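[1] Turn this into a model:
(one chain, ligands or ions: 2)
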Amino acid sequence: MEKDMGEEGGCFHEATIMGQDGIPRTVRVPVVQELARQGLKFLPERFIKARNPSHEANITLPMFPSINMAKLGQQAEPGVRAQELAQLASCAKEWGMFLVTDHGIHPSVVHGVKDVVQGFFRLPLEEKRASVGSYASIDNMGYGRSFVKSEDQALDWIDRLAMKAAPKGVDEGLLVWPQKPPNFRQVMAKYVEQGRKLCDHLLQALAEALSLSPHDFIQNFDPEWSEINVRVNYYPPCPQPELGLGITPHSDASGLSLLTQFGCSGGLQVLKGLNWETVPWPCDELLVNVGDLLEIMSDGRLKSPWHRVVAMEKERFSVALFYNPPCSTEIQPVQDGDGGYKKVVVGDYVRHFYEISPTLEKQAIAYAKKA
Ligand SMILES: O=C(O)CCC(=O)C(=O)O
Ligand SMILES: [Fe+2]
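    Ligands and ions are numbered 1, 2, ... in the order given. A predicted model of the protein is given here:
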């Protein structure tokens, strides 16, 4: 693809949006990494987000709940395990988000992910483009696109790379995975495999923590057909971070999301009451958050957190694995928990989520509420 210089003096990603006439149109959004390279003093107009000052309390939580996965194992001493399950129940209910330690994913695997991700983003733009294919009709996948819905929407200060890692075979012939660095897919596949094990373990523990049967959540997942999407978020250094956002507020349309970050920490915020609070998430630790699908399965006992990413002066990367039941699975509350949720097909839920997102408030989940 030609290097496309526009009025911002940068290069552009293309995104397909639905026009008001119902006809899809292609819009161009700047490649943020290329903009950032120009050493801008001011944040370009298109990236300025209206923020509600009364919600900007600038609170960094002194500490954040952390779950030791070894203490949740069957070999753990029963008293220790019961205590860890109680801690899991409390942080999953209070925050819908927690750090995990002793999770069994070897640091070399996480470092491998960091190396290939940085390797990809260090490539010149033309090489990045040449190295990645496209899912064509699947929005939000491949290199570059974000939640772009209209021409006049304020944009996120981010470049993204998103791929389907499972089920196997979904991308045959599409070559979406970067060819450079050459070990990108292999390294990511290892992380995905280990991340899946961790999420399976957590799904069982979360059910137990809520006094349900350990199988209640995981029964909706399938070793062969569950979906795992990988999304790499790259937030280049931002000239006026207080005016922009890396990712606009959202919940995840997943069962569970597993995240790692590098570059710097302090970008992720979660809405608590009316305040955005910065999650104290150290760089080498893994973070898990409850997605909308688990909120539905738990009938609201677990809540998917409303979260966002603030722009920062330094560059930051995060890698999210979104773990979902197979898209044809019907999920429903395992037990009545007063959340008012009903049976939905996973694929229908996710499609609707992306059709209406981004929204100002947590709105997509209303799709799964009883009338
Ligand atoms: O970058 C982060 O910390 C969070 C990313 C995120 O929320 C997402 O990819 O859905
Ligand atoms: Fe998210």
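
[2] which residue sits closest to Leu271, ignoring its sequence neighbours?
    Excluding its sequence neighbours, the residue lying closest to Leu271 (C-beta to C-beta, 6 or more residues apart in numbering) is Trp306, at 4.4 Å. Every residue, glycine included, has its C-beta placed from N, CA and C.

[3] Tell me who's in contact with that neighbour.
    249-251, 270-271, 361-362 (C-beta atoms under 8 Å, 6 or more residues apart in numbering).

[4] swap in Ala368?
    With the criterion set at C-beta under 8 Å, 6+ apart, Ala368 makes contact with 292, 296, 341-342, 344, 349.

[5] remind me which residues of the chain are low pLDDT?
    For the chain, applying pLDDT under 70 flags the ranges 1-10, 57-58, 135-140, 145-146, 170-175.

[6] Just give me the longest helix of it.
    In the chain, taking DSSP state H as the definition, the longest helix is helix 184-209.

[7] In that helix, which residues are buried?
    Neighbour counts over helix 184-209 (16 or more other C-beta atoms under 10 Å) mark 184-185, 187-192, 194-196, 198-209 as buried.

[8] and the residue lying closest to Lys370 once chain neighbours are set aside, backbone torsions?
    With sequence-adjacent residues excluded and distances taken as C-beta to C-beta, 6+ apart, Lys370 is closest to Lys342, at 4.7 Å. Dihedral pair for Lys342: phi -130, psi -180, per degrees, to the nearest 10.

[9] please begin residue numbering at 103 from this point
    Got it, first residue is 103 now, which makes that one Lys444.

[10] Tyr469 is in contact with Lys444, correct?
    No - in this structure, Lys444 is not within contact of Tyr469 by C-beta atoms under 8 Å, at 9.6 Å.

[11] Check the secondary structure at the closest residue in space to Lys173 that isn't next to it in sequence for me.
    Excluding the flanking residues, the one nearest Lys173 by C-beta to C-beta, 6+ apart is Glu186, at 4.0 Å. Per DSSP: H, G, I helix; E, B strand; the rest coil, the secondary structure class of Glu186 is helix.

[12] and Arg453, that's in a strand?
    No - secondary structure assignment (three-state DSSP) places Arg453 in helix, not in a strand.

[13] distance of it from ligand 1?
    To ligand 1, Arg453 is 17 Å away according to C-beta to the nearest ligand atom, to the nearest Å.
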